[in-house]
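Provided below for reference: sequence and predicted model.
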Amino acid sequence: MKINQKKQQALVAYLFILPGLLLYIIFLIYPILKALQISFYEWNIMLGSQNIFVGMANYERALSDPIVGVALKNTTLYTIVTVPGQMVIALFIALLLNKITKGKIFFRTIYYIPVVTSWVVVSLLFRYLFQSPKGIINFIIVNVLGVVQKPIPWLQEASTAFFPILSLGIWKGIGWTMVIFLAALETISPDLYEVAEIDGANGWQKLTGITLPLIRPTLVFTSVMLMIGGFNVFISVFLITQGGPLQRTEVILSYMYRQAFNYLDFGYGAALSFILTIIIAVLSFLQIRFLRKPEEIV
Amino acid sequence: MIKQNKVYILFGLALLLSVVLMSCAQPPVVEGPEQDEIEIAEQVTISFWHTMSEPEMVQLDKVVAIFEADHPNIKVETLNVPYDEFRRKLITSMAGGTAPDLIRSDIIWVSEFAYMGALAKLDQLMPDFESYKEAVFPGPLSTTFYNGHYYGLPLNTNTRVLVYNKQMFADAGIDAPPATMEEFLSVCEKIKTLGDDKYCFADGGTYAWAVNPWIWSFGGDITDEDITVASGYLNGSKTKVAYEFLKDIVDKGYMHPGILGGGVDAWGGFGNNEIAMLFEGPWFTPFFSGTLDVDYGYALTPAGPGGSISVVGGEDIVMFEQSQHKNEAAEFIRFMLSEETQITMAEGGLIPVIKSAIDTDFIANHEYFGYFLEQLETAKARTPHPNWIKMEDIYNLAGAEYLIGEKSFEEAFDAAAEEIDALLILPE
């Protein structure tokens, strides 16, 4: 009877998992495996048409494609700039919010608003902000602040076109990171700070000696998550610069999208996305392996 | 406890069932009449996807209502898709087997879709195709021809003509729109005296729709006439003169810098008296009717050594091979190409493609169609080739590299022409 009941409970549990699992298999696992298969073919999109097996040719092509090099460089740059950018600013805000008692929820909501806005809407918004010569950013820096003489042609020059994308990436991600940090900060016992104060520790020492070590697992977690998000940058590039000017702001996913959905070269597109997957998997593994202490690794 | 578990099991099963049912759900199919019923015409729904503007859709609704009244057994479901999304949406639907029966396709996509085997051969499917072939203009018709067959019929045509801001012209003391490239330059010189933030001309980038009129008007071209080679044409001396002209007006600040990247709010700038001239299609006036507070005029594009040559745009109506209701869809094509329908659609700003419609009073007395019809006499079509999208990207990039000053004309365009040469040859 007891075993029976246990079995029954297990069955119930499995039944509850099943719908989600089915959706997961149909909409995630199957497309991923299908994409892997496509990446080894010269794939024809039409139903019932011939697909030619080309082995590793799509991957070899990616390695010698100069635009893939540019895209990899940009994707890496985006991650290197936006991940620490989001984390430092978010930590700063979280520390401030952790101190105040009045209006905490209000500010937390304010900072979280960019996170829930649509990428599409804010991307288009940033594109207008950075218009040249008559965008708002140019108006502010030329006419209000006077820091530069002439409007900066943000989106027309390769050297500046990535700036709107980077600033959008940081601005939009701060809220999420801040909320996670705030939750972690709230778990730290105030006693620790009191003890440190008695011992004469200053603010900086408390930060580096107590706060940061104690939220270290959270820091690692957010850095991994943000890194994955950073490498997947797409919508902002697609909508703000379309990879231009001169394909200088192309990132891996925008280039993949161009190959697959503009040129219908789905084999090459699939290969590019798997290259990105491999890069992300390796980097995530390294981050977790080296940033976490051995006892933290489950 | 056990009773509660049973509830859970039931609940879980219900969830599972709903998921299974959801994944099995078929798109609703209109069933035919029962076998033993009297033979009445089968009720069918045909789908028609398009990229029409607001004023065009108003007209479309009218003609669809007429069609449905005339054909009680056919229902037409129209779907408006934003232009930028249309090609991708079609490709996904083709791959998924859910393509619509009919679409209004940009003329530049037809050969690609035909090459993919996605389109029905209308010249085989419609016994009366020949009469429609005779009725429409040959230029637009040619965009439906691929590899020995006609895959569609033209639906409406257009081209770009010059629109100019009369206020800015008056302020700068210019009394007539430029007819030649020399006059264009002198107009720009005067416009620039109005202020540093005033631009003589604007366009959204270096894509074909924007640069081809300049290339052709200077006597250049993209490929040879038989579309076999780009080298010697795209990087030829006449095309070079055209790009040098564009670079000159970019460098002098006559051209809005948006052409180099980031695009430009051309209509906004035109309406705010910041941009003096644009190349525009026949949708310009209907789109702005009542909203644009600026006095403007139409003129032909300025003529260069090659003449005043603009770019042909427009749409074809094509049928997908996947269509389950080819006869009904063909009936809708016939209806869309009738003189009456063509005139009704023309009221929304679409220029008809059937010869008889052009001779009607409505078209002959139209306030601005005349400029477009005259421009169409010399306008050329973009290269009808399955690899067109890639080809255009290549010389779009080369044009930007040259205009920005990143590369010399030869560096940018010799390489581009060579790349396009390779794309022109299709694998068997």
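Nice, I can see it.

what residues does the stretch 151-298 of chain A put near chain B?
Applying C-beta under 8 Å from any C-beta of the partner chain, one finds that the stretch 151-298 of chain A approaches chain B through A:153-157, A:161, A:241, A:244-247, A:261-264. Using the backbone N, CA and C atoms, a C-beta is placed for each residue, glycine as well.

okay, and for the chain, where does confidence drop off?
All of this refers to chain A. By pLDDT under 70, the weakly predicted segments of chain A are A:1-3, A:47, A:293-298.

should've been chain B
Segments of chain B classed as low confidence (criterion: pLDDT under 70) are B:1-41, B:262, B:292, B:428.

Quick one: the strands in it, in order.
Using DSSP state E, the strands assigned to chain B run over residues B:44-50, B:74-80, B:102-106, B:145-146, B:149-150, B:152-159, B:161-165, B:199-201, B:275-280, B:296-299, B:312-319.

Same list, the ones you listed, but as JSON lines with mean neighbour count and distance to chain A please.
Compiled in JSON lines, the strands of chain B are given as follows (neighbours: other C-beta atoms under 10 Å in any protein chain shown; distance: least, C-beta to the nearest C-beta, whole Å):
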{"stretch": "strand B:44-50", "mean neighbour count": "20", "distance to chain A": "17"}
{"stretch": "strand B:74-80", "mean neighbour count": "16", "distance to chain A": "19"}
{"stretch": "strand B:102-106", "mean neighbour count": "25", "distance to chain A": "14"}
{"stretch": "strand B:145-146", "mean neighbour count": "18", "distance to chain A": "15"}
{"stretch": "strand B:149-150", "mean neighbour count": "19", "distance to chain A": "17"}
{"stretch": "strand B:152-159", "mean neighbour count": "26", "distance to chain A": "18"}
{"stretch": "strand B:161-165", "mean neighbour count": "24", "distance to chain A": "17"}
{"stretch": "strand B:199-201", "mean neighbour count": "26", "distance to chain A": "10"}
{"stretch": "strand B:275-280", "mean neighbour count": "25", "distance to chain A": "11"}
{"stretch": "strand B:296-299", "mean neighbour count": "18", "distance to chain A": "21"}
{"stretch": "strand B:312-319", "mean neighbour count": "25", "distance to chain A": "15"}
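
coming back round to it: if you rank the residues of the stretch 151-298 of chain A next to chain B by neighbours, which is first?
Within those, most neighbours by other C-beta atoms under 10 Å in any protein chain shown means A:Thr241, with 29 neighbours.

For the closest residue to it other than its chain neighbours, which residues are in contact?
Spatial nearest neighbour of A:Thr241, chain neighbours left out: A:Thr249 (4.5 Å); criterion: C-beta to C-beta, 6 or more residues apart in numbering or on different chains. By C-beta atoms under 8 Å, 6 or more residues apart in numbering or on different chains, the residues touching A:Thr249 are A:Asn74, A:Ala158, A:Ala161, A:Phe162, A:Ile165, A:Val237, A:Thr241, A:Gly243.

show me the contacts for B:Trp388.
Counted by C-beta under 8 Å, 6+ apart, B:Trp388 has contacts B:Ile108, B:Ser111, B:Glu112, B:Arg382.

Next, the contact list for A:Val251, please.
A:Ala71, A:Asn74, A:Thr75, A:Tyr78, A:Val233, A:Phe234, A:Val237, A:Gly243.

what about 6 Å?
A:Ala71, A:Asn74, A:Thr75, A:Val233, A:Val237 (C-beta atoms under 6 Å, 6 or more residues apart in numbering or on different chains).

now for the residues you listed, which pair is the farthest apart?
Using C-beta to C-beta, the contacts of A:Val251 span at most 10.5 Å, a distance reached by A:Ala71 and A:Val233.

More neighbours: which of those two?
More crowded of A:Ala71 and A:Val233, by other C-beta under 10 Å: A:Ala71, with 26 against 22.
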